[in-house]
Structures are given as structure tokens and as C-alpha cells.
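Student: Whatever this is, show me its structure:
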Amino acid sequence: MGYTIQQIAEALSARAEGDTSLVIEGVSEPAAAAASDLALAMSPKYAEGLSQGQARAAILWDGADWQAMGLQAALFVPRPRYALSGLTRMMDPGPEIAPGIHPSAVIDPSARIGEGAAIGPFVVIGARVQIGARARIASHCSVAEDAQIGADALLMAGTRIGSRVVIGHRIITQPNAVIGADGLSFVTPEKSTVESVRESMGADVQVKEQSWVRIHSLGSVQVGDDVEIGACTTIDKGTIRNTRIGNGCKIDNQVHLAHNVVVGNHCLFAAGVGIAGSTTIGDRVVFGGQVGVADNITVGSDVVAGGATKILSNVASGRAMMGYPAVKMDAHVDSYKAIRRLPRLFAQVAELQKAVSNLRQTD
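Tutor: Just a heads-up that it's a prediction; the model follows:
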């Protein structure tokens, strides 16, 4: 299915020039573009690629001379990357999940399936589950008893939704996401080595035999609207109260949110983020890849943490953090620069020591 340049321009609120009736069937990087593709040449560094490809139309930077580039049409947008979100949405056909309920799906008679839902092969839906209207559930997903999923959900293959989980509208889960597994909650009959270490910071800890006893997860997980969960990401149930994920959060692959974690609205977590139990995260927080957050702390709203940052204590709202342990980003950069200077500093100190020693010998 194709779109005319005019249709694309209207969808993106873009300015179109040239032959706006030209039909576009796909998008491409300039050098690899076919004649039916819209080339993404949003800055001058991509101009050379246009001559290598076959594109007849492109999204260009402001001031670009599209006619001199041999194009038949061009689109101009004020914020190219934002326009890319709308363009890819238009061109993405989405997963093929046949309408209706596949014969191999196993659905408990007490479950309520919303109008227009599509449920794929080998899906298992438990007792008293509620599935919203127009939800799409791909093959091999499971939804456990008493879970609720809002309208227009998209669960990709292998998604696991645990018991009593409540999910808002328009969620997207990538393959093998798990929402509602039990949390890591265990206790020992007597004070454990871990508790002793916490109290003494490792001083005078006496190691003794101990066995772990499960604390069962009576809470579940509550997820807001417009949330996206990446492949193989796991979100644990709360121990007593629910683990909570706010509206609009976007969570990448292989992220782990432990029991009782509370995440605010519109947060963005890159791959490999791990947030330990009972930690509270504010609104609009951004974590780079492999950020780790300790348990039982609070990270304020609008915090940005660079990749591999390890947050071990409370962070005030609005701070940019980096490093292990996390410090303000500018302080971390200064520290890193200082560390790089150490070899030169050591060499200078050695020279000074040698000079002083020579002076003493002369005296």
C-alpha cells in the first residue's frame, strides 16, 4: 500500500514541493533507496547518498535545492526525527494477527473478551480475565487469572501476564515480556548475613548457616495507559502493595523492575536497566543502558542518568547523573579528566622527588 507525497505531507504537517501526486511505498536511507521509496536525507551529510540511490522524492533539510538533486518531489519538516515517528507509523503494517479467536486458543469460560479483539494461536487466557476492545494478542501469550488488559492492547508473541495484573489502554509488549512474576522476597529465621552487612557496612560480620524462606507476593502490577514494554523485560509483583508503572512509560529490552517499585509518568528506560525493590522513580526520568538503582531509595522527577550509572542513594529532581557511584554529570566528567591526568601528575611528582633528592646529595 502506498501514499502520495500530499498524503504524507498532511500526516506530518510538512511542506511539500514538486509532484505531490507521486506514490511512495516505503522509506529508505538515500544510497539504498528504490524509485518507490522516500529517501530520508534530513541533513546535508546525506546529499551524496541521494545520487547513489534511485529515490525520486526525499525528506530534506531546510534550504535544500531538491531540483538540483534530480528529485521530482521533496518534503520539508521542522523537526526531522519527530517527523520520522509519524512516517514510520504510517508505513508500519504491524504484526499479522488474524481477526477473531484462533481455534487453538484456550480461553476460560469466565473470561470476558472485548469486541473486535484478535487472539492468535496457542494463547491461554485464565479465569475471570478481562480483555479490552480491539486488543491483539499474538501466538503463545498467556494471561493469568483475574488480570485486566485495556482496549487496543498489542501483546507480541510469548508475552506473559501474571495473575491480578491490571494494564491500561494501548499497551505494547514485545516478545517474551513478563509482567507479574513473583519478586525476590525471602527472609531467614534469624538475622541474616545481609542484614549484618547493612548494619555494620561489612565490619565484624559473623558468617553462619542460614536458609531462605519465601515471602509470597500478595500484590500485583498496575500499568498505566500508552506504556510500551521491551522484549524479555520483567516486572515483578509487589509483596503487599502493587508494583506501579505510570502512563506513557517506554521501557526497552531486558529491563528488570523489582517488587514494589513505583515508576512515574512518561519515563524512558534503555536496555539493561535494573531497579531494585521498593524504589520510587518520579515523572519523565530517563535512564541510559545498564543503569542500576539500589533498593528503598527515591529518584526525583526529570532526572537523567547516563549509561551504566549506578544510583545508590536518593537523587533530587532535575539532576543529570553519571558514574559509579552516581554523582552530578559535570562532577563525574571533571573527575574522569582528573583521573586521566594522574599518570602525568605521578611522573611530575617522581621528577620533583628526584630533583629534591639530588639537591640533598649536593648539600
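
Student: For the lowest-mean-pLDDT helix or strand in the chain, which residues meet the burial criterion?
Tutor: When each helix and strand of the chain is scored by mean pLDDT, DSSP states H and E, helix 193-200 comes last, with a mean of 84. Of the residues in helix 193-200, those with enough neighbours to count as buried (16 or more other C-beta atoms under 10 Å) are Ser196. The way it works is simple: take the backbone N, C-alpha and C, and place the C-beta from them, glycine included.

Student: And for stretch 282-300?
Tutor: Of the residues in stretch 282-300, those buried by neighbour count under the rule 16+ other C-beta under 10 Å are 282-294, 297, 299-300.

Student: Show the average pLDDT along whatever helix or strand comes next after the least confident helix or strand of the chain.
Tutor: Past helix 193-200, further along toward the C-terminus, the next helix or strand under DSSP states H and E is strand 213-214. Strand 213-214 shows a mean pLDDT of 95 in the predicted model.

Student: so what does the helix or strand following strand 213-214 touch, helix or strand wise?
Tutor: Toward the C-terminus, strand 213-214 is succeeded by strand 221-223 as the next helix or strand (DSSP H and E). Here strand 221-223 is seen to pack against strand 166-167, strand 178-181, strand 234-236, strand 243-245 when contacts are counted using 3 or more C-beta pairs under 8 Å, 6 or more residues apart in numbering; DSSP states H and E.

Student: ranking those strands by burial, who's on top?
Tutor: Comparing the helices and strands packed on strand 221-223 by mean neighbour count (mean count of other C-beta atoms under 10 Å), strand 243-245 ranks first with a mean of 26.

Student: for that one, the distance to its chain's centre please.
Tutor: 15 Å (C-alpha atoms, centre = their mean, to the nearest Å).

Student: Equivalent analysis for stretch 256-270, please.
Tutor: Here stretch 256-270 shows a centroid-to-chain-centroid distance of 10 Å under the convention C-alpha atoms, centre = their mean.

Student: how long is it from one end to the other?
Tutor: Taking C-alpha to C-alpha, to the nearest Å, the span from the opening residue of stretch 256-270 to its closing residue is 11 Å.

Student: buried sites along that stretch?
Tutor: By neighbour count, with 16+ other C-beta under 10 Å as the criterion, the buried positions of stretch 256-270 are 256-270.

Student: Which of those residues fall in strands?
Tutor: In strands, defined here by DSSP state E, the members of these are His256, Leu257, Val262, Val263, Leu268, Phe269.

Student: nearest residue to the first one other than its sequence neighbours?
Tutor: Which is His256. Take His256 and drop its neighbours on the chain: the residue closest to it by C-beta to C-beta, 6 or more residues apart in numbering is Gly274, 4.8 Å away.

Student: So what pairs up with that neighbour in the strands?
Tutor: Counting by DSSP bridges, Gly274 is bridged to His256, Gly292.

Student: what's the pLDDT at it?
Tutor: Per-residue confidence for Gly274 comes out at a pLDDT of 98.

Student: Next: Arg79.
Tutor: Listed pLDDT for Arg79 reads 89.

Student: do Tyr336 as well
Tutor: Predicted confidence (pLDDT) for Tyr336: 83.
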